[in-house]
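Chemist: The amino acid sequence is not available; the structure is as follows:
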């Protein structure tokens, strides 16, 4: 699971715009309701535009809580749409930001505004809040304020700390069971996928186009497995390894996030003139862990203890645009004994609000239901201590984040084998140093989806890489959505793009973040 993407280091960078034409039904006509769609619910779209996305429209759709009992209890899905404006109409493009637990309503506007105007104009870009999320009803919130500071130290260095954390995660699982006993058995990826097909039918579409990030790649791959003939085009960005769902995937994340944290330390070392934390990344890392130890004893501002510090720095593993802000807070605490920037960074990047409570409730509900997790806590101890020895940055934080699954009140399903030979060509995007969905996931799905093409961002470490400033990647995306063309060539990757440069310190005249990249990360689902 720890293999990094060194196989690509000698690969030539493929020039964007060099394609082999492999059309994925490029001339898709406007769809006509079939027998299957004739009885589908009709959607009533109303204006719900924002300053950033003025043409956004909203609707709601009732679907069965249990799709095997279509006339039983109904729940409501919240939908959004940016309607097509071009004469050439290529159908609905469903989009999902991941999570599980990420809201997709605003995401439709982000995607529509990020694509070239001529491309976006050919699609109805459809966002949706998956069941239990955001504006969909019911929206789950198992235990409001679950992440309120100051929490126990994530590293269970004493029996008392371990017991405190165990009590906490058990209470969360129990609260979910009490509040949502009738709902939890139906909060899972397969149920969400069946909701997506209900959306397709309500739209009157014979087939859909789909674009998903992070967990949204698993959602899309499972949809394609269950409904292969309803897929017209499929774009997956930052790809979940479907063979590790979900326990093994989380352990793999720990190694990758540790690497990204060390990349941040090396970046800080490069700018010693600004941060004055030294030029040796290992010594800077030691200062970070010393800061963590100090905060475990005396939380900054009564808010930022050791666990909250991890919450604050984990987003830097998702998106390097946060590095200058994290580095400034780190330097102020170490060099000036000033904790205010650290508290501010926590409030900006780490603190969890009500929508975050909802997101986490869905995250746990889906992951705990989707696949089996060890029910014996001794297995968690053994595995996480072994990983911690090599990758201490996020291991125990991640373990406790997922630990409610050891005590979850519903039985687990079996993961879906997404291997598929019935699809039109799919287009996959993956960064070599992605921490949330390590590189191997992209390679695995490329192998499992026959006829797919993989575009790799060489040296990239951000999670979610298209529509965030890399023109090379975006040209492949635009070509595919325009006429179904995908790149072909290479052994492991069909095309390779260079990563964008890392940011500069905030004191530099150069921009420290890509506004598109920051906006994308702000929309990507809970914990990827």
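Modeler: Perfect, thanks for sending it. Every value quoted in this text rests on a predicted model; they were computed, and no experiment measured them.
Chemist: Tell me the secondary structure of residue 58, please.
Modeler: strand (DSSP: H, G, I helix; E, B strand; the rest coil).
Chemist: Let me know whether it touches residue 45 as I believe.
Modeler: Yes - between residue 58 and residue 45 there is a contact at 7.0 Å, judged by Cβ atoms under 8 Å. For the C-beta atoms, the positions are set from N, CA and C on the backbone; glycine is no exception.
Chemist: Neighbour count: these two, which is higher?
Modeler: The residue with more neighbours, out of residue 58 and residue 45, is residue 58; 19 against 14, by other Cβ atoms under 10 Å.
Chemist: now the more buried one: how far from residue 129?
Modeler: 10 Å (Cβ to Cβ, to the nearest Å).
Chemist: what's the lengthiest helix in the chain packed up against?
Modeler: Taking DSSP state H as the criterion, the chain has its longest helix at helix 247-270. Helices and strands touching helix 247-270, by 3 or more Cβ pairs under 8 Å, 6 or more residues apart in numbering; DSSP states H and E, are helix 281-297, helix 306-318, helix 323-336, helix 377-388, helix 395-402.
Chemist: And the residue nearest to residue 236 when sequence neighbours are not counted, how close does it get to residue 434?
Modeler: Leaving aside its sequence neighbours, residue 236 sits nearest to residue 217 (Cβ to Cβ, 6 or more residues apart in numbering; 3.9 Å). In this structure, residue 217 and residue 434 are 11 Å apart, going by Cβ to Cβ.
Chemist: same question, residue 396
Modeler: 22 Å.
Chemist: neighbour-wise, which of the two wins?
Modeler: Taking neighbours as other Cβ under 10 Å, residue 396 and residue 434 compare with residue 434 leading, 29 against 26.
Chemist: Skipping adjacent residues, who's closest to that one in space?
Modeler: Residue nearest to residue 434 in three dimensions, not counting chain neighbours: residue 463, with 5.3 Å by Cβ to Cβ, 6+ apart.
Chemist: thought the one you found was touching residue 431?
Modeler: Yes - here residue 463 reaches residue 431: they are 7.5 Å apart, a contact under Cβ under 8 Å.
Chemist: Overlap in contacts, those two.
Modeler: Listed as contacting both residue 463 and residue 431 by Cβ atoms under 8 Å, 6 or more residues apart in numbering are residue 238.
Chemist: Phi first, then psi, for residue 210.
Modeler: Phi and psi for residue 210, reported as degrees, to the nearest 10, are phi -140, psi 140.
Chemist: quick revisit: for residue 207, which of the helices and strands packed on helix 247-270 is the nearest?
Modeler: helix 306-318 (32.2 Å; Cβ to Cβ).
Chemist: any idea of the mean pLDDT for the closest one?
Modeler: In this model, helix 306-318 has an average pLDDT of 98.
Chemist: Okay, buried residues for that helix please.
Modeler: Across helix 306-318, burial judged by 16 or more other Cβ atoms under 10 Å covers 306-318.
Chemist: Reformat those residues into JSON lines and put distance to residue 368 next to each item.
Modeler: Below are the buried residues of helix 306-318 laid out as JSON lines (distance: Cβ to Cβ, whole Å):
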{"residue": "306", "distance to residue 368": "26"}
{"residue": "307", "distance to residue 368": "21"}
{"residue": "308", "distance to residue 368": "24"}
{"residue": "309", "distance to residue 368": "26"}
{"residue": "310", "distance to residue 368": "22"}
{"residue": "311", "distance to residue 368": "21"}
{"residue": "312", "distance to residue 368": "26"}
{"residue": "313", "distance to residue 368": "26"}
{"residue": "314", "distance to residue 368": "21"}
{"residue": "315", "distance to residue 368": "24"}
{"residue": "316", "distance to residue 368": "27"}
{"residue": "317", "distance to residue 368": "23"}
{"residue": "318", "distance to residue 368": "22"}
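Chemist: Quickly name whichever of those residues is closest to residue 503.
Modeler: The nearest member of these to residue 503, counting by Cβ to Cβ, is residue 316 at 10.8 Å.
Chemist: so that closest one makes contact with residue 257?
Modeler: No - counting by Cβ under 8 Å, residue 316 does not reach residue 257; the two are 9.4 Å apart.
Chemist: Now tabulate the helices and strands packed on helix 247-270 in TSV and tack on distance to residue 485.
Modeler: Below are the helices and strands packed on helix 247-270 laid out as TSV (distance: least, Cβ to Cβ, whole Å):
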stretch	distance to residue 485
helix 281-297	42
helix 306-318	30
helix 323-336	35
helix 377-388	41
helix 395-402	39
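Chemist: Just to be sure, residue 457 is in a strand?
Modeler: Yes - assigned with three-state DSSP, residue 457 falls within a strand.
Chemist: Just the element for residue 445, please.
Modeler: Per DSSP states H and E, residue 445 falls inside helix 440-448.
Chemist: now do residue 213
Modeler: Using DSSP H and E, residue 213 maps to strand 208-214.
Chemist: What is the distance between that strand and the centre of its chain?
Modeler: Taking Cα atoms, centre = their mean, to the nearest Å, one finds the center of strand 208-214 at 12 Å from the center of the full chain.
Chemist: Pull up the pairing partners for that strand, direction included.
Modeler: According to DSSP bridges, strand 208-214 forms sheet pairs with strand 92-96 (parallel), strand 231-239 (parallel).
Chemist: Show the average pLDDT along it.
Modeler: 98.
Chemist: which non-adjacent residue is nearest residue 276?
Modeler: Of all residues not flanking residue 276 in the chain, residue 335 sits nearest, at 5.8 Å (Cβ to Cβ, 6+ apart).
Chemist: Next, count neighbours for the one you found.
Modeler: Residue 335 has 12 neighbouring residues, counting by other Cβ under 10 Å.
Chemist: Which SSE is immediately downstream of the helix or strand bottoming out on mean pLDDT in the chain?
Modeler: Ranking every helix and strand in the chain by mean pLDDT, DSSP states H and E puts helix 35-38 at the bottom, with a mean of 38. Beyond helix 35-38 on the C-terminal side, the first helix or strand identified by DSSP H and E is strand 46-47.
Chemist: Now do that next one, average pLDDT.
Modeler: Averaged over strand 46-47, pLDDT sits at 98.
Chemist: And for stretch 435-447?
Modeler: Mean pLDDT, stretch 435-447: 98.
Chemist: Burial check on residue 376, number of neighbours?
Modeler: There are 9 residues near residue 376, going by other Cβ under 10 Å.
Chemist: Residue 261 versus that one, what's the distance?
Modeler: According to Cβ to Cβ, residue 376 and residue 261 sit 30 Å apart.
Chemist: Kindly report the same for residue 134.
Modeler: 30 Å.
Chemist: swap in residue 131?
Modeler: Going from residue 131 to residue 261 by Cβ to Cβ gives 34 Å.
Chemist: No further queries at this time; thank you.
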